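Trainee: can't give you the sequence, but here's the structure:
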């Protein structure tokens, strides 16, 4: 399956063989046919703090199949 903009995936966390982090694909579909895809990670920790930051977008449990409330963090 080729990734498409807006699709959610569970990416294996590099620190754990068990944990999977949700990501959303944001790159243009034409670019997604190559070797790279641009994606934004979701975080469920420190929601109170992150939901007020301009570079975080809040999502709710159930949206796109997310298992809990979280934010997509676009900047560091």
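Mentor: The structure has been received and is ready for your questions. As the structure is a prediction and not an experimental result, all values here were calculated from the model. Numbering: from 1, shown residues only.

Trainee: quick one: what helix or strand has the residue sitting nearest the centre point of the chain in it?
Mentor: The chain has residue 23 as the residue nearest its centroid, 2.4 Å off, counting by Cα atoms, centre = their mean. Taking DSSP states H and E as the definition, one finds residue 23 inside strand 20-25.

Trainee: which residues are contacting that strand?
Mentor: By Cβ atoms under 8 Å, 6 or more residues apart in numbering, the residues outside strand 20-25 that reach it are 3-13, 32, 37-43, 64, 66, 70, 72. (Glycine included, C-beta is placed from N, CA and C.)

Trainee: Work out the sheet partners of it and label each with its direction, please.
Mentor: strand 8-12 (antiparallel), strand 39-43 (antiparallel) (DSSP bridges).

Trainee: mean pLDDT lowest for which of these?
Mentor: With a mean of 87, strand 8-12 has the lowest mean pLDDT of the strands paired with strand 20-25.

Trainee: And it, what's buried?
Mentor: Neighbour-count burial for strand 8-12, with 16 or more other Cβ atoms under 10 Å as criterion, is recorded at residue 8.

Trainee: what sits up against that strand?
Mentor: By Cβ under 8 Å, 6+ apart, the residues outside strand 8-12 that reach it are 3, 19-25, 39, 41, 64-66.

Trainee: for stretch 26-45, same thing?
Mentor: Under the criterion Cβ under 8 Å, 6+ apart, residues 2-5, 9, 11, 21-25, 50, 59, 66, 68-74 lie in contact with stretch 26-45.

Trainee: Try it again at 10 Å.
Mentor: 2-11, 13, 21-25, 50, 56-57, 59, 61, 64, 66-75 (Cβ atoms under 10 Å, 6 or more residues apart in numbering).

Trainee: list the contacts for residue 52?
Mentor: Residue 52 sits in contact with 58, 71, where contact means Cβ under 10 Å, 6+ apart.

Trainee: I'm done for today, thanks for sticking with me.
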